[in-house]
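S.K.: Based on what follows, work out the 3D shape:
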Amino acid sequence: MTSRRRAGLVRVALFALTVVGILATAFELASERHWNNSEQLIPWVALAVLSVATVLTALSARGAQLIARVLVLVVLGASAYGVLDHVAVNHDSGPLDQRYADTWESMPATQQWWYAATKTVGPAPTLAPGVLAQTSLLLLLAGWIKLPPREPEL
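M.R.: Numbers count the residues shown, from 1 in each chain. Model (predicted):
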């Protein structure tokens, strides 16, 4: 197998994983009915932006590649915001958890935040928004793979 063909297969595989990540995230958001307020619409917008970036990354134009990378950075920011927001929501619900209601205020802050980040307390899945980051990084990798020039045919 030539290096061009290998690079092409890896690029196609990364694009496929990107599309699967977008569709799976959309399915998860829809099944959770994640659209009840404007803040819950952020991942939907991020998915739309990531879809546009996927199309732009598939184009060979240098300008399209640059715009795609900027869009991916926007989605990475939205993903980081989502993770932090989910942790904060969980932290705020700590005093309401029946297991910790009496001891929450006396716990060290590091323990409170650890419980919030690990979803020991609270309803928000802290790693779910991270899937947007993973999918974005897959797309970045796909865009960075450049196919070597065609080998001359004999």
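S.K.: which helices and strands does the lowest-mean-pLDDT helix or strand in the chain pack with?
M.R.: Using mean pLDDT, DSSP states H and E, helix 3-31 stands out as the lowest-scoring helix or strand of the chain, at a mean of 93. Here helix 3-31 touches helix 42-58, helix 130-144, going by 3 or more Cβ pairs under 8 Å, 6 or more residues apart in numbering; DSSP states H and E. Quick note: C-beta positions are derived from backbone N, CA and C, even for glycine.
S.K.: Let me have those helices in TSV, adding distance to A64 as columns.
M.R.: Converted to TSV, those look like this (distance: least, Cβ to Cβ, whole Å):
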stretch	distance to A64
helix 42-58	4
helix 130-144	10
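S.K.: Between these, which one is closest to R5.
M.R.: Of all the helices and strands packed on helix 3-31, helix 130-144 sits nearest to R5, with 16.0 Å by Cβ to Cβ.
S.K.: Now do the buried residues in the closest one.
M.R.: Judged by neighbour count using 16 or more other Cβ atoms under 10 Å, the buried positions of helix 130-144 are V131, L132, A133, T135, S136, L137, L138, L139, L140, L141, A142, G143.
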